[in-house]
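J.: Here is my input; please provide its structure:
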Amino acid sequence: MTASSDDPRRAMLPFDVKRRGIVVGEGSAILVLERGEHARRRGAGVLGYLRGYGALADAYHPSAPDPTGRWEARAMELALADAGIAAAEVDALIAHATGTPKGDTAEIRAINHVHGSRSKPLPVASIKGHIGHSGAASGAMALVTGLLGMAERRFTHTSNTDEPDPEARFDVVIGRPRMMDYATLQVNAFGFGGQNASIIVTHD
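T.: Predicted coordinates for the structure are as follows:
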């Protein structure tokens, strides 16, 4: 969209200091939400449990986020409160992170506000470097990525990014997936018009 690289691997760079814009992607994801008892009774494979959700619409601008990231941070805090857990209990986060200068800056500030004071930085990744921006499907696709990664003990990396923005006070996972156990995951999805949503899921 606004990226101008002849190298497709450099066209979309979430959280990278050289980020310039997005590449439109395609895809979809469907998740079945049901009570755990019902799923177990019918022999379904349970990938995870929904623990908390936060959403708000700030209407700051038709396309640009509030540069402070306060509304994204508020959605994340609402999700944590709904889950009844502290920020320190989150093991990893899949960010919205589209690779746009303004969007990523606001989300970096939001994640810093919620998770930036840890002694050990929180692992964070975005799937958009892999597949582009799939619009309204991107949040569900990120959630599927995180749930499957939990089962495989492998946290996805942020493809194409190699120089994370130094403003980030969290661990941008780059280069390759990271083999790690994580049982509590936060996933962000932020859209045009200030649509901000965040979700907390756990492995069990």
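J.: alpha carbons only for contacts and neighbour counts from here, please
T.: Noted.
J.: How about the contacts made by the closest residue in space to G48 that isn't next to it in sequence?
T.: What sits nearest to G48 in space, not counting adjacent residues and going by CA to CA, 6 or more residues apart in numbering, is H203, at 4.5 Å. For H203, the contact set (CA atoms under 8 Å, 6 or more residues apart in numbering) comprises 47-49, 147, 150-151, 182-184.
J.: Tell me the one of these nearest F192?
T.: Checking the contacts of H203 against F192 by CA to CA gives L147 as the nearest, at 25.6 Å.
J.: from memory the closest one sits against G48, does it?
T.: Yes. Using CA atoms under 8 Å, L147 is in contact with G48, at 6.4 Å.
J.: Out of those two, name the residue with the larger neighbour count.
T.: Per other CA atoms under 10 Å, whichever of L147 and G48 has more neighbours is L147, with 25 against 21.
J.: Which residue is the nearest non-sequential neighbour of that one?
T.: Per CA to CA, 6+ apart, closest to L147 is L47, 6.0 Å.
J.: Which pLDDT value belongs to the residue of the chain positioned farthest from its centre?
T.: The outermost residue of the chain relative to its centre, with distances by CA atoms, centre = their mean, is R41 at 31.5 Å. Looking at R41, its pLDDT is 95.
J.: State the phi and psi torsions of it.
T.: According to degrees, to the nearest 10, the main-chain angles of R41 amount to phi -60, psi -30.
J.: SS state for L93?
T.: strand (DSSP: H, G, I helix; E, B strand; the rest coil).
J.: That one: how many residues sit nearby?
T.: Neighbours of L93 (other CA under 10 Å): 28.
J.: in the protein, which spans are strands?
T.: Secondary structure of the chain (DSSP state E): strands at 49-57, 92-94, 123-125, 154-155, 171-172, 178-179, 184-191, 195-202.
J.: Turn the ones you listed into a markdown table, including distance to I108.
T.: Converted to a markdown table, these look like this (distance: least, CA to CA, whole Å):
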| stretch | distance to I108 |
| --- | --- |
| strand 49-57 | 18 |
| strand 92-94 | 12 |
| strand 123-125 | 10 |
| strand 154-155 | 19 |
| strand 171-172 | 10 |
| strand 178-179 | 21 |
| strand 184-191 | 12 |
| strand 195-202 | 14 |
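J.: Quick one: closest of the ones you listed to E72.
T.: Between these, strand 195-202 lies closest to E72; by CA to CA that is 5.8 Å.
J.: Direction included, what does that closest one pair against?
T.: Strand 195-202 pairs in its sheet with strand 49-57 (antiparallel), strand 184-191 (antiparallel), by DSSP bridges.
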